[in-house]
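K.L.:
sequence plus the predicted model coming up.
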Amino acid sequence: MNVRHISRCALFAAASLVIFILESYIPPVLPVPGIKPGLANIVTLAAVYILGSRSAFAVLMVRIILSSIFAGQSVSFIYSLCGGLCCYAVTIALKPLFKERTIWFLGVIGAVFHNLGQLAAAFFMLGRASLAYYGLILTAAACITGTFTGFCAQYLVLYYNKIFGRKYQ
Amino acid sequence: MKISNKILIPSVCALFAACVFLARTLPWADGRGAVVKIYQNGGLAETVDLMSVSKAYTIELEGNTILIEPDGVSVKEANCPDMLCVRQGKIHKPGHSIVCLPNRVVIEISDGESGVDAVAGAR
């Protein structure tokens, strides 16, 4: 853990925070709450590959805590946290299986599990079974948005490694 | 195990298609938690929780016979000439409604609790 590494973590955290806040200004495409591009996950996913799992966790937590202070309401913190942790756990678990040209798939998986985590939080807080239907719609949306963010992260990782010549951690 | 894009791309497409297919075909999925409210002459005449309905039955109103089924509500018979309410068929989604103007009957499906979408919409 040297200064260079800490600076990089801070840079990633700042980038994901800015992306997250800018994204919240994008008007929703569909009249379903919860569907959004999830662009901040580009940074989280790239951080998992570039900075390593543990540093990526720090980046994620900093982003969630600061974003709920800057841009969210108090309720959104719990949803963000559940979604983020769910997404992170699955990404870390599957990371060894996906390298180079298949990194984008973790974007899809991450997006799906982010939504499922949020839905689980909503289920515990609201206790309604109709959320099952909602989950299907969110998963379908996550397939599209996750593919996009996943490819963004993949090209970011590949480009980063090309420039800095670093191997996967 | 080598995982290649040849497997991943079709699997993402399949997941997407499966979700869209299930969301469109499962009638129960979004009928759950829905409460049917029947109004006549401006007042609330009947409230039915679709979750608690296991067998189809009818409700007789003045001029209309309303059929309540586990997966939705429809108007079975009406004494009005145009039968518009009967032709509107079965509804089950929160927010949908059947209106019978001649008999002043409104059947409305409401979300069990209010304000849920506003909370779920939070980031």
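P.N.:
Perfect, I can see it now. Numbering: from 1, shown residues only, chains lettered A, B, ... in the order given.
K.L.:
spatially nearest residue to the residue nearest to the spatial centre of chain B (excluding sequence neighbours)?
P.N.:
What sits nearest the mean C-alpha location of chain B, by C-alpha atoms, centre = their mean, is residue B:92, with 1.1 Å. If you skip the residues right next to it in sequence, residue B:92 has residue B:72 as its closest partner in space, 3.6 Å away by C-beta to C-beta, 6 or more residues apart in numbering or on different chains. Quick note: C-beta positions are derived from backbone N, CA and C, even for glycine.
K.L.:
look at the one you found and report its pLDDT.
P.N.:
The predicted local distance difference test score for residue B:72 is 80.
K.L.:
ok, so what distance separates it from residue B:49?
P.N.:
Here the criterion is C-beta to C-beta, to the nearest Å. By it, residue B:72 lies 13 Å from residue B:49.
K.L.:
between these two, which one's more packed in?
P.N.:
The residue with more neighbours, out of residue B:72 and residue B:49 and counting by other C-beta atoms under 10 Å in any protein chain shown, is residue B:72; that gives 21 against 11.
K.L.:
is that one bridged to anything, and to what?
P.N.:
Under the criterion DSSP bridges, residue B:72 forms beta bridges with residue B:69.
K.L.:
so it is in contact with residue B:90, correct?
P.N.:
Yes: assessed by C-beta atoms under 8 Å, residue B:72 is found in contact with residue B:90 at 4.0 Å.
K.L.:
sticking with residue 67, tell me its helix or strand.
P.N.:
Reading this off chain A. With elements delineated by DSSP states H and E, residue A:67 resides in helix A:53-70, which encompasses its position.
K.L.:
sorry, should have said chain B
P.N.:
Take DSSP H and E as the rule and residue B:67 turns out to sit in strand B:64-69.
K.L.:
go on, residue A:17?
P.N.:
In this structure, residue A:17 sits in helix A:3-23 according to DSSP H and E.
K.L.:
helices or strands next to that helix in the packing?
P.N.:
The criterion is 3 or more C-beta pairs under 8 Å, 6 or more residues apart in numbering or on different chains; DSSP states H and E, and the helices and strands that helix A:3-23 contacts are helix A:40-50, helix A:53-70.
K.L.:
state the mean pLDDT of that helix.
P.N.:
Averaged across helix A:3-23, the pLDDT comes to 90.
K.L.:
neighbouring contacts of it?
P.N.:
If you take C-beta atoms under 8 Å, 6 or more residues apart in numbering or on different chains as the criterion, helix A:3-23 is touched by A:36-40, A:42-44, A:46-47, A:50-51, A:55-56, A:58-60, A:62-63, A:66-67, A:70-71.
K.L.:
that helix to helix A:40-50, inter-axis angle?
P.N.:
For helix A:3-23 against helix A:40-50, the angle between stretch directions is 160 degrees (axes from the mean of the first three to the mean of the last three C-alpha atoms, to 10 degrees).
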